[in-house]
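In: prediction below, plus the sequence it came from.
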Amino acid sequence: MARRQRRPKVEFWAGLIFVALLAYALLADWWKEHSVLGWIIVGVVVALLAFLLYKSEPFRRWVFGTVKKAGESIVYGTKASAREPIRPEDRKKIMERARYRCENSGCNQHARPHIHHIDFNNSNNKLTNLIALCPNCHQEAHDGIYKVSQVRNWVHTSWSMYNRSKERSR
């Protein structure tokens with residue numbers, strides 16, 4: 001089996017370009033004659049680096065998590081959750097898929113379902129990693145009574161039923 005070639009992340013290249021251009025701009029002879037152009041280059045590079053960092057999910061999670069924690073500690077005096085919130089459109093799609101009920105086929109509870117991260121990674125908000133479970137099944141999933149593979153099968157079944165119902169309604 002062929003080994004997958006490792007490629008440096010975009011942030012690495014952005015940082016390398018930033019450092020190279022900054023060093024060139026600061027050390028070049030033309031800086032004295034063209035200082036305005038030099039500062040424009042530095043400004044563009046800094047803006048590009050800021051944009052690339054903003055597009056980086058780990059950086060965004062760190063910045064927004066820090067802002068959220070600071071805001072909640074100022075307002076409520078408590079600590080905020082470190083998780084990245086589930087987008088409202090994703091939450092709606094999950095609830096529609098589940099028909100606003102627990103996706104455990106063996107459950108007969110009619111309580112309002114919670115959204116559960118199947119792999120227990122609160123920042124993994126892919127639709128295939130999220131499931132609607134009633135509070136009882138949600139707690140049992142966290143307690144390990146339901147295995148991850150079992151819960152993934154519930155999601156797969158729910159998606160199949162959801163897609164079939166969408167096709168029939170067309």
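Out: Noted; the coordinates are in hand.

In: ranges for the strands of this structure?
Out: 114-117, 130-133 (DSSP state E).

In: so what are the sheet partners of the first one and their directions?
Out: For strand 114-117, the pairing partners within the sheet under DSSP bridges are strand 130-133 (antiparallel).

In: and Ser105, how many neighbours does it have?
Out: Neighbour count of Ser105, defined by other Cβ atoms under 10 Å: 10. Yep, even glycine has a C-beta here, placed from its N, CA and C like the rest.

In: ditto for Leu48
Out: Around Leu48 there are 14 residues (other Cβ under 10 Å).

In: and the residue lying closest to Ile41 once chain neighbours are set aside, how many neighbours does it have?
Out: Once flanking residues are discounted, Ile41 sits nearest to Ala25: 5.4 Å by Cβ to Cβ, 6 or more residues apart in numbering. By other Cβ under 10 Å, the residues close to Ala25 number 19.

In: follow-up on the earlier one: winner for burial among the strands of the chain?
Out: strand 130-133 (a mean of 25; mean count of other Cβ atoms under 10 Å).

In: show me where pLDDT drops low in this structure?
Out: The chain contains residues with pLDDT under 70 at 1-8, 28-31, 77-83, 170.

In: let's check: the centremost residue of it is which one?
Out: Ser123 (5.0 Å; Cα atoms, centre = their mean).

In: I'd say it and Ile86 touch.
Out: No. Taking contacts as Cβ atoms under 8 Å, Ser123 lies outside contact range of Ile86: 10.4 Å.

In: surely Leu22 meets Val42?
Out: Yes. Counting by Cβ under 8 Å, Leu22 touches Val42, with 6.3 Å between them.

In: any idea how far Phe18 is from Glu11?
Out: 10 Å (Cβ to Cβ, to the nearest Å).

In: in contact with Arg60, which residues?
Out: Tyr54 (Cβ atoms under 8 Å, 6 or more residues apart in numbering).

In: gap between it and Lys166?
Out: 32 Å.

In: in the chain, which spans are helices?
Out: 10-27, 30-33, 35-55, 57-75, 88-97, 135-143, 148-169 (DSSP state H).

In: so how far is stretch 126-141 from its chain's centroid?
Out: 18 Å (Cα atoms, centre = their mean, to the nearest Å).

In: can you check stretch 159-170 too?
Out: For stretch 159-170, the distance to the chain centre is 27 Å (Cα atoms, centre = their mean).

In: do the same with stretch 41-60
Out: 18 Å.

In: that one: which residues count as buried?
Out: 41, 45, 49, 52-53, 56 (16 or more other Cβ atoms under 10 Å).

In: mind giving me the domain ranges of the chain?
Out: In terms of domains, the chain is parsed into 10-75, 88-169 (source: automatic domain parsing).
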